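Novice: please work out how this folds:
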Amino acid sequence: MGANIVSRKQWLEARLELLQAEKAHSRARDELTRARQVMPWVKIDKEYLFDGPDGLESLSDLFEDKSQLIVYHFMFDTDWAAGCKSCSFLADHYGPSIPHIGQRDVAMVTISKGPLEKLQEFQNRMGWSFKWLSSGSTDFNRDFNVSFTDEELAGKVYYNFSDGASFPAKEAPGISVFTKDTEGRIYHTYSSYSRGLENFIGAYALLDIVPKGRDEGDLPYPMEWLRLHDVYEQ
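Specialist: Now for the predicted structure:
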């Protein structure tokens, strides 16, 4: 990496120019946020029962006393011994945020296809305290396009709102948002997948401001360097 060494005055001129671009990006992001928040809603008519630490719970139960619910679709298939490292990376970020967003009428849970006992064992290993439930006996993962069959993987799957997606695993990551009205009706308001999930990774935001950036250009795939946080210590 060749550095462009300049005087402080020249640096300040370059920084002020970049600041204008950053401000334009912030304004565009604000507009995108407003567009996201006025997306139309679709009513959820199917009943889902999840296996969780408090027993079987419906989608409505997961709201607790809130009117808004975020679900992170965590990749953890029934026969896996551990969760996906990329989903774990996200969980390291969103877990500590849950008490804060709770103050703004938002509940958040994590849902995976794997059996509850495996989820709890891995959760204890990672030191997470967020609510994690199993969707294994429901169509929830299929309905929100984060679980695939072997036959589907042999061709092209429907993922990230595209029919032609190629995916390397039977489970995929995603995030979905729901709201519940005063009559108890539940609506799906938003979902995001693939690179849309980068918005929730604070470590990438930090890496994006250093000279070397994410430093992933020479890797076989962008997150190849990533490990479960307890593996770094080893």
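Novice: show me where this protein has its strands.
Specialist: 42-43, 49-52, 55-58, 68-73, 106-112, 132-134, 157-159, 162-165, 174-180, 186-193 (DSSP state E).
Novice: what about the helices in this structure?
Specialist: 8-37, 85-94, 98-101, 116-126, 140-143, 150-153, 202-207, 229-232 (DSSP state H).
Novice: quick one: buried residues of the helix or strand bottoming out on mean pLDDT in the chain?
Specialist: Lowest on mean pLDDT, DSSP states H and E among the helices and strands of the chain sits strand 162-165, with a mean of 80. Buried residues in strand 162-165, counted by 16 or more other C-beta atoms under 10 Å: A165. Where you see a C-beta, it was placed from the backbone N, CA and C, and this is true even at glycine.
Novice: same for it, what does it pack against?
Specialist: Helices and strands touching strand 162-165, by 3 or more C-beta pairs under 8 Å, 6 or more residues apart in numbering; DSSP states H and E, are strand 157-159.
Novice: what are the contacting residues of the strand it packs on?
Specialist: For strand 157-159, the external contacting residues (C-beta atoms under 8 Å, 6 or more residues apart in numbering) are 145-146, 148, 165-167, 172, 193-194.
Novice: paired strands for it, with orientation please.
Specialist: Counting by DSSP bridges, the strands paired with strand 157-159 are strand 162-165 (antiparallel).
Novice: list of residues touching the partner strand?
Specialist: Counting by C-beta under 8 Å, 6+ apart, 156-159 sit against strand 162-165.
Novice: 6 Å instead, please
Specialist: Here strand 162-165 makes contact (C-beta atoms under 6 Å, 6 or more residues apart in numbering) with 156-157, 159.
Novice: can you list the low-confidence ranges for the chain?
Specialist: 1 (pLDDT under 70).
Novice: what's the neighbour count on the closest residue to S176 other than its chain neighbours?
Specialist: Nearest residue to S176, sequence neighbours excluded (C-beta to C-beta, 6 or more residues apart in numbering): S191, at 4.4 Å. Other residues near S191 number 19, with proximity taken as other C-beta atoms under 10 Å.
Novice: isn't S191 right up against V177?
Specialist: No: applying C-beta atoms under 6 Å as the test, S191 and V177 come out as separate, 7.2 Å apart.
Novice: tell me the domain ranges of the chain?
Specialist: 7-35, 42-199 (automatic domain parsing).
Novice: P222 is nearest to which of those?
Specialist: Closest of those to P222 is domain 42-199, at 9.4 Å (criterion: C-beta to C-beta).
Novice: how long is the closest one end to end?
Specialist: Domain 42-199 has an end-to-end distance of 24 Å (criterion: C-alpha to C-alpha, to the nearest Å).
Novice: can you report how many residues neighbour the nearest residue to K66 once chain neighbours are set aside?
Specialist: In space, and not counting its chain neighbours, K66 is closest to A107: 4.2 Å by C-beta to C-beta, 6+ apart. The criterion is other C-beta under 10 Å. On that basis, A107 has 20 neighbouring residues.
Novice: measure the closest residue to G213 other than its chain neighbours to L133 for me?
Specialist: With sequence-adjacent residues excluded and distances taken as C-beta to C-beta, 6+ apart, G213 is closest to L207, at 6.0 Å. Using C-beta to C-beta, to the nearest Å, we find L207 at a distance of 31 Å from L133.
Novice: who's more crowded, these two?
Specialist: Neighbour count, other C-beta under 10 Å: between L207 and L133, L133 has more, with 25 against 14.
Novice: got the contact list for that one?
Specialist: 50, 52, 111.
Novice: please apply the same query to A107.
Specialist: With C-beta under 6 Å, 6+ apart, A107 has these contacts: 63-64, 66, 69.
Novice: again, only this time at 8 Å
Specialist: 62-64, 66, 68-70 are the contacts of A107 under C-beta under 8 Å, 6+ apart.
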